[in-house]
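Colleague: Generate coordinates for the sequence data below:
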Amino acid sequence: MPTSVALGTHFEAFIREQVQSGRFNNVSEVVRAGLRLLEENEQHRELRLEALRAEIAAGKASGPAKPADEVFSRLEAKYSAQAKRKQN
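Modeller: The predicted structure follows:
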């Protein structure tokens, strides 16, 4: 099914260069190659989004976050004790 699209001078020149280089036989091959790449990119994007959504859900399910002050105080105490043991 023939379709008409407006690509603009930049992409028209790019397509022409691709055909003239011999890499592609015609304009349709160049456009199909571009669409395949776009489709593949979108599939990878969707997989990444699904993985991020799963990580967000796991984070939410893990319970409430601990206050940063509490975490830092505990770490400071731990490393301070380690430093004192090394000095002795």
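
Colleague: List the buried residues in stretch 37-56.
Modeller: Within stretch 37-56, no residue is scored as buried using 16 or more other C-beta atoms under 10 Å. For every residue, glycine as well, the C-beta is placed using N, CA and C.

Colleague: any idea of the mean pLDDT in the helix ranked longest in the chain?
Modeller: Determined from DSSP state H, the single longest helix within the chain is helix 27-61. For helix 27-61, mean pLDDT is 98.

Colleague: What helices and strands are in contact with it?
Modeller: helix 8-20 (3 or more C-beta pairs under 8 Å, 6 or more residues apart in numbering; DSSP states H and E).

Colleague: relative orientation of the helix it packs on and helix 27-61 in degrees?
Modeller: 110 degrees (axes from the mean of the first three to the mean of the last three C-alpha atoms, to 10 degrees).

Colleague: List the contacts of helix 8-20.
Modeller: Residues outside helix 8-20 that contact it (C-beta atoms under 8 Å, 6 or more residues apart in numbering) are Leu7, Phe24, Asn25, Asn26, Val27, Glu29, Val30, Val31.
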